[in-house]
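K.L.:
Could you look at this predicted model? Sequence included:
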Amino acid sequence: MKSPSDDVAGDPGHHPLLGLLSHAVLMMTAVIVLYPVLWVVRMALSPTQSFASGLSPIPSEVTLQNFRDVIGHHDVAGTWVFGHQLWNSLVIALATAVTGVALATSAAYAFSRFRFPGARLGMSALLVTQMFPATMMMIPLYILLDKLGLLDSQFGLVIVYATTSIPFSTWMLKGYFDTIPIDLEEAARMDGASTSRIFFSIILPLARPAIAITALFSFMTAWNEFILAAKLMNTETSYTLPVVLQGYVGAKSTSWGHFAAGAILVSLPVMALFFALQKHLVGGLTAGSVKG
Amino acid sequence: MAAISLRGIEKRYGDVVIVKGLDLEIKDGEFVVLVGPSGCGKSTTLRMIAGLETISAGELCIDGQRVNDVAPGDRDLAMVFQSYALYPHMSVRENIAFGLVVRKVKKAEINQRVDDAAEMLKLSGLLHRKPKDLSGGQRQRVAMARAVVRRPRAFLFDEPLSNLDAKLRMEVRAEIAALRRRFSTTTVYVTHDQVEAMTLADRVVVLNDGVAQQVGTPLEVYRRPANRFVATFLGTPTMNVVDKALLKVAVPGNALHVGVRPHDVQARKETAGALVAMRVEHIERLGQESFVFGRVGEERFGAVVDEDALGVLEHGSEVGLFSRADRLSFFNDKGLRIDA
């Protein structure tokens, strides 16, 4: 039987040589993107702590010793430091995501639907806060947290991270809320639903893709952040993982094997999250086209 | 069941006046259709009744009670939207039930009422589906079930058929008429489609530029249009309106223009005793009937032609136009109707 694609055989877009060429380009790109990653994998699996040289990303000798060292790191008192640090990272990133999304959804809904003085100014102000580098905020944040007694505290770090992720999340969510037809809310109002009922029963379920994307963004910001965490947290057991990674890069010597193994361990949860939320992410990025 | 009164209702956005002092008494159980061209204020009026738009001036009463400041949900009205406005993430059952769930009706009763409404609107087999898996006609019926299930004091329809194709439109129109007979609930229905207005309404309100041009039964507004706007807005093909001097007809008082519907004008081969003679420029054969069009003075003029009796007409044929005297409407210099 003739398949439908046979009918477009003359289409220049389907020329076999062009297909070959585009595949070649895509493969090249994949190699370029993956090469550094493979290199890190090679360093992590090598028994030495030296900076790997040579072109091949395939390790000559494979061992999991670096992973064992990183995961099994205990301090002199016998505390399982890595466990503490992993826990810190998880708690802080999750709390940041939850706080950030909760506050950003309600703010974005207000900006999207209510008319109030300062609505436009408010959105611009949120944008402006994104223009300052985190390092610039370092000193004021340090002083503020010090006065609040929140230095070296998970709660303090969550507040700092949430405030940095909320502006982006609010913009992202407002954009999505704007695409939800107002008719739906009017229908719900005619049905007797209150504003909060509409928000929780109509808007939030419909905004799931956008919420997934902002939650992931907030989680990643907190999970990967290094500078603030390094300055605001003082004891080894309260560090987050990025700070720990930095610790392997010493002034005199660097244990590259441990560093690489740590880097892989840190990226695993983010990768897992990406895969889990993939479906929602694609939906979130094509926001406008999602119409019932 | 409710009587709805609009007294001097106005809607202003800054300096722009959308609805200008509308007065309308809708009786309990009455089916009123607001009809007019786009931008005439008909939807705005409906939304003010619903409570989705604030009322700039005037008074809106339901059953004698002023409701200007009552929230939409507390007016106990149900609305069917042009876009259907079904909740995309809920099943058909959840969509229909939502208004009852919000009002904390008991679960068993909700199920019973949803089943009844679904059966009435032939949705029983579709209750588990999501709106995206329904056809346009089915979505429309879900929107109606959502309104019916609440047993509201009045139904509000905002151009409910304009997203449907012609055939479905007729079916759903019949369904709305059936619902209406079954519940005899007060209904306000907005449309720009004159067929819907003529077929569904007890009374038609013709709106233009935010002003009610005429309020009356469908036949009244069709037969005795209050002014030239109503005369030419309702009816297909459009009513012929020409200067009185062009027709051989006695006109009352200070009438300037004469109007007559193409359906009420017969084209014949003889011209003796005709209102006027006309050269045929265009023939529309619709199967059941045929129309001829030409010009009387500068104005386009249409008439019915019986080609079976007359023989086939050609472009350029000369025809005489005849009409019954009682089918003529007369308008003065302001375009207002003058009775003979």
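P.N.:
Happy to help now that I have it.
K.L.:
Quick one: the strands in the stretch 51-200 of chain B, in order.
P.N.:
Per DSSP state E, counting those that start in this stretch, the stretch 51-200 of chain B carries strands over the ranges B:57-62, B:65-66, B:77-80, B:154-158, B:186-191.
K.L.:
would you turn those strands into JSON lines with mean neighbour count and mean pLDDT?
P.N.:
Using the backbone N, CA and C atoms, a C-beta is placed for each residue, glycine as well. Shown next, in JSON lines, are these (neighbours: other CB atoms under 10 Å in any protein chain shown; pLDDT from 0 to 100):
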{"stretch": "strand B:57-62", "mean neighbour count": "17", "mean pLDDT": "96"}
{"stretch": "strand B:65-66", "mean neighbour count": "12", "mean pLDDT": "95"}
{"stretch": "strand B:77-80", "mean neighbour count": "26", "mean pLDDT": "96"}
{"stretch": "strand B:154-158", "mean neighbour count": "25", "mean pLDDT": "95"}
{"stretch": "strand B:186-191", "mean neighbour count": "25", "mean pLDDT": "96"}
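K.L.:
With distance to A:His84 as extra columns, can I get the ones you listed in CSV?
P.N.:
Converted to CSV, the strands of the stretch 51-200 of chain B look like this (distance: least, CB to CB, whole Å):
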stretch, distance to A:His84
strand B:57-62, 66
strand B:65-66, 66
strand B:77-80, 58
strand B:154-158, 61
strand B:186-191, 66
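K.L.:
A:Gln65: which of the ones you listed is closest?
P.N.:
A:Gln65 lies closest, by CB to CB, to one member of the strands of the stretch 51-200 of chain B: strand B:77-80, at 69.8 Å.
K.L.:
Would you mark the buried spots in stretch B:204-214?
P.N.:
Within stretch B:204-214, the residues that count as buried by 16 or more other CB atoms under 10 Å in any protein chain shown are B:Val204, B:Val205, B:Val206, B:Leu207, B:Asn208, B:Gly210, B:Val211, B:Ala212, B:Gln213, B:Gln214.
K.L.:
The first one: what's it in contact with?
P.N.:
Right, B:Val204. Residues counted as contacts of B:Val204 (CB atoms under 8 Å, 6 or more residues apart in numbering or on different chains) are B:Val32, B:Val33, B:Val35, B:Ala197, B:Met198, B:Gln214, B:Val215, B:Gly216, B:Thr217, B:Pro218, B:Val221.
K.L.:
how far away is it from chain A?
P.N.:
Relative to chain A, B:Val204 is positioned 24 Å away (CB to the nearest CB, to the nearest Å).
K.L.:
quick one on the thing from earlier: pull the most distant pair out of the buried residues of stretch B:204-214.
P.N.:
Pairwise distances across these peak at 16.9 Å for B:Val204 and B:Gly210 (criterion: CB to CB).
K.L.:
gap between the closest residue to A:Ser255 other than its chain neighbours and A:Tyr248?
P.N.:
Closest residue to A:Ser255 apart from its sequence neighbours, by CB to CB, 6 or more residues apart in numbering or on different chains: A:Gln49 at 4.3 Å. From A:Gln49 across to A:Tyr248, the span is 9 Å (CB to CB, to the nearest Å).
K.L.:
Before we move on, what's the pLDDT of the most centrally placed residue in chain B?
P.N.:
The residue lying closest to the centre of chain B (CA atoms, centre = their mean) is B:Ala197, at 2.8 Å. Per-residue confidence (pLDDT) for B:Ala197: 93.
K.L.:
Next: A:Gly262.
P.N.:
A:Gly262 is given a pLDDT of 91.
K.L.:
My reading is that it is in a helix; is that accurate?
P.N.:
Yes: counting by DSSP: H, G, I helix; E, B strand; the rest coil, A:Gly262 is found in a helix.
K.L.:
need the contact list for it.
P.N.:
Residues near A:Gly262 by CB under 8 Å, 6+ apart: A:Val70, A:Leu241, A:Val244, A:Leu245, A:Tyr248.
K.L.:
Leaving out sequence neighbours, find the closest residue to the third one.
P.N.:
Counting by CB to CB, 6+ apart, A:Val244 lies nearest to A:Gln85, which is 5.3 Å off, once chain neighbours are set aside.
K.L.:
three-state assignment of the one you found?
P.N.:
Classification of A:Gln85 using three-state DSSP returns helix.
K.L.:
So what's the residue count around it?
P.N.:
24 (other CB atoms under 10 Å in any protein chain shown).
K.L.:
Report the beta-bridge partners for B:Ser191.
P.N.:
If you look again at residue B:191, you'll see it is Thr, not Ser. In this structure, B:Thr191 bridges to B:Val35 when assessed by DSSP bridges.
K.L.:
State the distance from it to chain A.
P.N.:
Applying CB to the nearest CB, the value for B:Thr191 to chain A is 17 Å.
K.L.:
repeat for B:Phe293
P.N.:
Distance from B:Phe293 to chain A, by CB to the nearest CB: 41 Å.
K.L.:
Looking at chain B, which residue is nearest chain A?
P.N.:
Nearest residue of chain B to chain A: B:Pro88, at 2.6 Å (CB to the nearest CB).
K.L.:
That residue touches B:Pro131, doesn't it?
P.N.:
Yes: contact criterion CB atoms under 8 Å: B:Pro88 and B:Pro131 qualify, at 5.6 Å.
K.L.:
ok, these two, which is more surrounded?
P.N.:
B:Pro131 (21 against 18).
K.L.:
List the contacts of the closest residue to that one other than its chain neighbours.
P.N.:
Spatial nearest neighbour of B:Pro131, excluding adjacent residues (CB to CB, 6+ apart): B:Leu86 at 4.1 Å. Contact analysis of B:Leu86 by CB under 8 Å, 6+ apart lists A:Ala187, A:Gly292, B:Asn95, B:Pro131, B:Arg139, B:Val142, B:Ala143, B:Arg146.
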